[in-house]
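Peer 1: Got a sequence here, can you build the structure:
(2 chains)
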Amino acid sequence: MSDLKVVVEPGRQDVVMTRTFDAPRELVWRAMTEPELVARWWGLDETTTVIDRLDFCPGGSWRFVEREDDGQEYAFHGVIHDVNGPESFTQTFEFEGMPGHVLLERHSLEEVDGRTLYTSLAVFQSVEDRDGMVASGMETGAGQSMDRLEELLRTLG
Amino acid sequence: MADDSLSLTFSALADPTRREILARLAQGEATVNELAEPFEMSLQAVSKHLKVLERAGLITRGRDAQWRPCRLETAPLEEIDRYRRRLEGRFARLDEELRRMGKNHE
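Peer 2: Numbers count the residues shown, from 1 in each chain, chains lettered A, B, ... in the order given. Down below sits the predicted model:
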């Protein structure tokens, strides 16, 4: 069962996310940093992820393209700022559809009882940028059940 | 202070009392009196919270009935929920990938 926690506090410029993976840290690190592995999970259910480039070293650059069945493409790119494997890496992130709205992300992995706790901290340039990111680019959602709502309220609490 | 709808949703949700009120309304409609019961606060204070929730579009209030029952509106919450579900999908795929990698590892 997923323990995903997403913290989007009102009036702040960051999103903090934690999630436990039932795998050793070395494996999670590889899945998050090796291009052919990243391509298998990074995008959406309905898109194919093409890794245009991922030069995973300090100063290296990355660019991923999400391709929908109808040919529509969404591209993202950034620069790897530092690599501290298998504990953490820091990078910039920019959606090419909204140039200039760059965010800084730190991804950390911590081994806990043979499992891996992943923490991501994303810092935006403004509260509006952050709120816009949360609100935009989302797939059309199905109607919301009361169960999911209660769960959502718990995660916000 | 931004007054776009998502910021209104976030600031309305920032208060624990308001989150409890929403959790109560997830069970069904309620009047102000019913909503005030669990809290040690005046009806006026509860009404203030309801106004904030109403402004954020998180609740609507009946117009005709004398007691103007409050009703939960889920549309603003769906934006946040969709963000969460997209992440869930991504990480579920990563889980799958890690299982596959683990098998090859053995």
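Peer 1: can you map out the helices along the chain?
Peer 2: Using chain A. Using DSSP state H, the helices assigned to chain A run over residues A:25-33, A:35-38, A:127-135, A:146-156.
Peer 1: Switch to chain B, please.
Peer 2: B:5-13, B:16-25, B:32-36, B:43-55, B:75-105.
Peer 1: Could you single out the most deeply buried of those helices?
Peer 2: Stretch with highest mean neighbour count among the helices of chain B: helix B:5-13 (a mean of 21; mean count of other Cβ atoms under 10 Å in any protein chain shown). All C-beta spots, glycine's among them, are computed from the backbone N, C-alpha and C.
Peer 1: Take that helix, keep the C-alpha atoms, and write them as PDB.
Peer 2: Taking Å, rounded to 0.1, in the frame of the first residue of the first chain, the C-alpha atoms of helix B:5-13 are listed here in PDB:
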ATOM      1  CA  SER B   5      -9.000  29.900  -6.700                       C
ATOM      2  CA  LEU B   6      -6.200  27.500  -5.700                       C
ATOM      3  CA  SER B   7      -4.800  30.000  -3.200                       C
ATOM      4  CA  LEU B   8      -8.200  30.400  -1.700                       C
ATOM      5  CA  THR B   9      -8.600  26.600  -1.400                       C
ATOM      6  CA  PHE B  10      -5.200  26.300   0.200                       C
ATOM      7  CA  SER B  11      -5.800  29.100   2.700                       C
ATOM      8  CA  ALA B  12      -9.200  27.700   3.600                       C
ATOM      9  CA  LEU B  13      -7.700  24.300   4.200                       C
END
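Peer 1: now it against helix B:43-55, angle please.
Peer 2: Counting by axes from the mean of the first three to the mean of the last three Cα atoms, to 10 degrees, helix B:5-13 lies at 160 degrees to helix B:43-55.
Peer 1: what residues does helix B:5-13 touch?
Peer 2: Helix B:5-13 has contacts (Cβ atoms under 8 Å, 6 or more residues apart in numbering or on different chains) with A:8-11, A:127-128, A:131-132, A:134-135, A:156, B:1, B:18-19, B:22, B:52-53, B:55-58, B:76-77, B:79-80.
Peer 1: thinking again about what came up before, where among the helices of chain A is the average confidence lowest?
Peer 2: Lowest mean pLDDT within these: helix A:146-156, a mean of 44.
Peer 1: list the contacts for the closest residue to residue B:25 other than its chain neighbours?
Peer 2: The spatially closest residue to residue B:25, leaving aside those adjacent along the chain, is residue B:72, at 4.0 Å (Cβ to Cβ, 6 or more residues apart in numbering or on different chains). When the contact criterion is Cβ under 8 Å, 6+ apart, the partners of residue B:72 are A:149, B:22, B:25, B:26, B:58, B:59.
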